[in-house]
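Engineer: Here's a sequence, model it:
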Amino acid sequence: MPSPHAGALRLLFGCLVCIGIGQSMLFSILPPAARQLGITPFQVSTIFATSAALWVFISPWWGRRSDVRGRRPIMIIGLLGYALSMFALAVVVEVGTRGLLPAPLIYPLLIVSRCLFAIFGSGTGPAAQAYVADRTSRHDRTAGIALVSAAMGLGETIGPGVGALLSTVDLLAPLYLSAALAVASAWLIGRWLPEEGPPVTADAPRPPRLRLRDPRVLPFVCVSAALQATRATTVITFAFFLQDTLHLTPERTVQLSGIGFVILALAGLFAQLVIVRRLRPTARGMMRIGLPLSVAAYALLVVGHGLPAYFAALALLGLGLGLLRPGSAAGASLSVESNEQGSVAGLVNGVAVVGNVFGPMLGTTLYSITPVGPYLLNAVVMTAAWVLLFANRRLRTLRA
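Structural biologist: Numbering: from 1, shown residues only. Alright, predicted model coming up:
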């Protein structure tokens, strides 16, 4: 990676770690807080699903805006929007637990608070990825984009521990901390992150709007949606899977599933921070390795027996997805022009969120039939993506 930009990328890495910490703390704090308010688990899922549905449409728009307005302003807007969302969630929960608002108003207010993240915060990821693409050569693109994925992954690994520690003081303290970290990150980016100007000058013709069916990016969108759907399904069902197949107590289930998620996260970080950063594989090479590793991981969950086999499957899955996520993102980035980097990042990130909505819905339905049902589905989905990798001409010929 070019040394003149190393400091800027380290600053961006730290700010994205803060967002990852906040997101993972929210996922662990909101369910028990919602239960205190009498909100059902299904209603909690609709809070996230509504935000994700908005994200699909708004993230590509923010990506296009970053091509014209610049990356830094969009990142700042996104971080402040994220801070506002987390603060609003904390306030709504606190007001609800104190009985200061009628109970029927709390649930819709939680939806509105979370949707603020989709409306404004969905610009941070595309703008950050495009910022990295602007400042890396084609040879270094995959390593640079892997840095963005690793930052979020590191934050998601640290977050549950930080949240657990703060929640001993106050259940909502992690949410207020998340808002404060986002504001601090926005200030640091505005003060210290260099950007000479927008990628597109005022007198330059604007690039045409990037469409989902554009053959340059469609295969990468499909791969990204597949990995998001399968990962989300695994995260949601794995604790149930352990409890039912190993006949565990609830307390033991929490302990072992937590260890499993740490293995998944650490394997992904190893792939992104060690393998990608040191060996600099091509985007196509990362996908050609990541997809079969993911298929093997889900096959092991289906046919394996016992905790060692399940943990080994999560390690394989972490390595596979750790290579696949930056590989597909870098492949999409390398397939478009320099003035379309924000657009392609927004499109891929936005559509991939669809996997987070529909994957768990299908997976949990199959789980009610058989515990291995979600992982059979995941194996089929990733095998289809693997076939696409060899069948699609653009993916076959991708070199950089």
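Engineer: Centre of the chain to stretch 160-178, how far?
Structural biologist: How far stretch 160-178 lies from its chain's middle: 21 Å, per C-alpha atoms, centre = their mean, to the nearest Å.
Engineer: Then stretch 102-121?
Structural biologist: That offset, for stretch 102-121, works out to 20 Å (C-alpha atoms, centre = their mean).
Engineer: Now do the domain split for this protein, please.
Structural biologist: Domain ranges of the chain: 3-192, 218-397, per automatic domain parsing.
Engineer: With mean pLDDT, mean neighbour count and distance to residue 210 as new columns, can those be given to me in JSON lines?
Structural biologist: Yep, even glycine has a C-beta here, placed from its N, CA and C like the rest. Compiled in JSON lines, those are given as follows (pLDDT from 0 to 100; neighbours: other C-beta atoms under 10 Å; distance: least, C-beta to C-beta, whole Å):
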{"stretch": "domain 3-192", "mean pLDDT": "85", "mean neighbour count": "20", "distance to residue 210": "7"}
{"stretch": "domain 218-397", "mean pLDDT": "86", "mean neighbour count": "21", "distance to residue 210": "4"}
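Engineer: do you know which of these lies nearest residue 211?
Structural biologist: Closest approach to residue 211 among the domains of the chain (C-beta to C-beta): domain 218-397, 8.3 Å.
Engineer: The most centrally placed residue in the chain sits in which helix or strand?
Structural biologist: By C-alpha atoms, centre = their mean, the mean C-alpha position of the chain lies nearest to residue 152, the distance being 7.1 Å. If you go by DSSP states H and E, residue 152 is part of helix 141-167.
Engineer: Can you pull out the residues in contact with the helix or strand following that helix?
Structural biologist: Next in sequence after helix 141-167, counting helices and strands by DSSP H and E, comes helix 173-192. The contact list for helix 173-192 (C-beta atoms under 8 Å, 6 or more residues apart in numbering) reads 11-12, 14-15, 18-19, 21-23, 25-26, 28-29, 72, 75-76, 79-80, 82-84, 86-87, 89-90, 93, 162-163, 166-167.
Engineer: Return the subset of those residues lying in helices.
Structural biologist: Here DSSP state H is the test, and the contacts of helix 173-192 give 11-12, 14-15, 18-19, 21-23, 25-26, 28-29, 72, 75-76, 79-80, 82-84, 86-87, 89-90, 93, 162-163, 166-167 as lying in helices.
Engineer: residue contacts, the residue nearest to the centre of the chain?
Structural biologist: By C-beta under 8 Å, 6+ apart, residue 152 lies in contact with 16, 17, 19, 20, 23.
Engineer: For the closest residue to the second one other than its chain neighbours, list the residues it contacts.
Structural biologist: For residue 17, the nearest residue in space outside its immediate sequence neighbours is residue 155; the separation is 4.3 Å by C-beta to C-beta, 6 or more residues apart in numbering. By C-beta under 8 Å, 6+ apart, the residues touching residue 155 are 16, 17, 18, 19, 20, 21, 22, 23, 24.
Engineer: try residue 362
Structural biologist: Contact analysis of residue 362 by C-beta under 8 Å, 6+ apart lists 233, 374, 377.
Engineer: Now do the SS call for it.
Structural biologist: Taken by DSSP: H, G, I helix; E, B strand; the rest coil, the conformation at residue 362 corresponds to helix.
Engineer: hmm, back to that, now the domains of the chain in a markdown table, with distance to residue 211?
Structural biologist: Below are the domains of the chain laid out as a markdown table (distance: least, C-beta to C-beta, whole Å):
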| stretch | distance to residue 211 |
| --- | --- |
| domain 3-192 | 10 |
| domain 218-397 | 8 |
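Engineer: centre of the chain versus stretch 101-112, how much separation?
Structural biologist: Chain-centre distance of stretch 101-112: 27 Å, with C-alpha atoms, centre = their mean.
Engineer: what does it rub up against?
Structural biologist: With C-beta under 8 Å, 6+ apart as the test, stretch 101-112 has contacts from 34, 37-39, 43, 46-47, 50-51, 88-89, 92-93, 95-96.
Engineer: and if we set it to 10 Å?
Structural biologist: By C-beta atoms under 10 Å, 6 or more residues apart in numbering, the residues outside stretch 101-112 that reach it are 30, 33-34, 37-40, 43-44, 46-51, 85, 88-89, 91-93, 95-97, 119.
Engineer: My read is that residue 328 contacts residue 294, right?
Structural biologist: No. Checked against C-beta atoms under 10 Å, the pair residue 328 and residue 294 is beyond contact range at 11.9 Å.
Engineer: Give me the common contacts of the two.
Structural biologist: 226, 227, 385.
Engineer: residues in contact with the nearest residue to the last one once chain neighbours are set aside?
Structural biologist: With sequence-adjacent residues excluded and distances taken as C-beta to C-beta, 6+ apart, residue 385 is closest to residue 226, at 4.5 Å. By C-beta under 10 Å, 6+ apart, the contact list for residue 226 reads 291, 294, 324, 328, 352, 355, 359, 378, 381-386, 388.
Engineer: tell me the SS of residue 226?
Structural biologist: Secondary structure state of residue 226, per three-state DSSP, is helix.
Engineer: Could you export stretch 318-335 as CSV, CA atoms only?
Structural biologist: Extracted C-alpha coordinates of stretch 318-335, given in CSV (Å, rounded to 0.1, in the frame of the first residue of the first chain):
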residue,chain,number,x,y,z
GLY,A,318,-14.1,-17.6,9.1
LEU,A,319,-11.2,-18.1,6.8
GLY,A,320,-13.4,-18.5,3.8
LEU,A,321,-15.6,-15.5,4.4
GLY,A,322,-12.5,-13.5,5.5
LEU,A,323,-11.1,-14.0,2.0
LEU,A,324,-14.4,-13.8,0.2
ARG,A,325,-15.7,-10.5,1.5
PRO,A,326,-12.8,-8.3,0.5
GLY,A,327,-12.2,-10.4,-2.7
SER,A,328,-15.7,-9.8,-4.0
ALA,A,329,-15.6,-6.1,-3.0
ALA,A,330,-12.2,-5.6,-4.6
GLY,A,331,-13.3,-7.4,-7.7
ALA,A,332,-16.3,-5.1,-8.1
SER,A,333,-14.0,-2.1,-7.5
LEU,A,334,-11.5,-3.2,-10.1
SER,A,335,-14.3,-3.7,-12.7
